[in-house]
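**Student:** have a look; sequence and predicted model below, questions after that.
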Amino acid sequence: MDRKILSIFKEEKIAKLDKTSEKVFKAIHSSWPVNPLEVAKALGDKGKDKTLSAKYLYHFKKLAEKELIQLKKTGNTYIAWPIEIEKIRVIQELIR
């Protein structure tokens with residue numbers, strides 16, 4: 001597919017997000033890989049770690065369902081990065 005078409009699909013997915021999920025996506029996209037607590041800190045959210053982690057993990061899972069981010073559980077936390085980076089990684093592995 002053409003890059004413009006792929007970009008339009010991505011923009012449509014982002015447009016359908018609520019404001020908080022959109023902010024979370026932008027935080028992940030600007031600084032990856034990140035975990036929920038790092039996103040909370042970047043967005044200036046205060047509270048208990050367990051509460052913040054659960055709150056932002058909800059948004060991480062929503063973004064992963066819409067195929068905007070890649071999500072992986074590592075130990076007791078989740079790590080997220082933009083789906084574009086995952087595609088680049090796969091291409092690089094195929095080239096090797």
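**Tutor:** The structure has been received and is ready for your questions.

**Student:** which element is Glu45 on?
**Tutor:** Just so we're on the same page, residue 45 is Asp rather than Glu. Secondary structure from DSSP states H and E places Asp45 outside every helix and strand.

**Student:** what pLDDT, on average, does the lengthiest helix in the chain get?
**Tutor:** What stands out as the longest helix in the chain, according to DSSP state H, is helix 49-65. Helix 49-65 shows a mean pLDDT of 88.

**Student:** what packs against the helix or strand that that helix is followed by?
**Tutor:** Moving toward the C-terminus from helix 49-65, the next helix or strand (DSSP H and E) is strand 69-74. When contacts are defined as 3 or more Cβ pairs under 8 Å, 6 or more residues apart in numbering; DSSP states H and E, strand 69-74 sits against helix 49-65, strand 77-82, helix 83-95. The way it works is simple: take the backbone N, C-alpha and C, and place the C-beta from them, glycine included.

**Student:** tell me the most buried of those?
**Tutor:** Comparing these by mean neighbour count (mean count of other Cβ atoms under 10 Å), strand 77-82 ranks first with a mean of 19.

**Student:** all good on my end, thank you.
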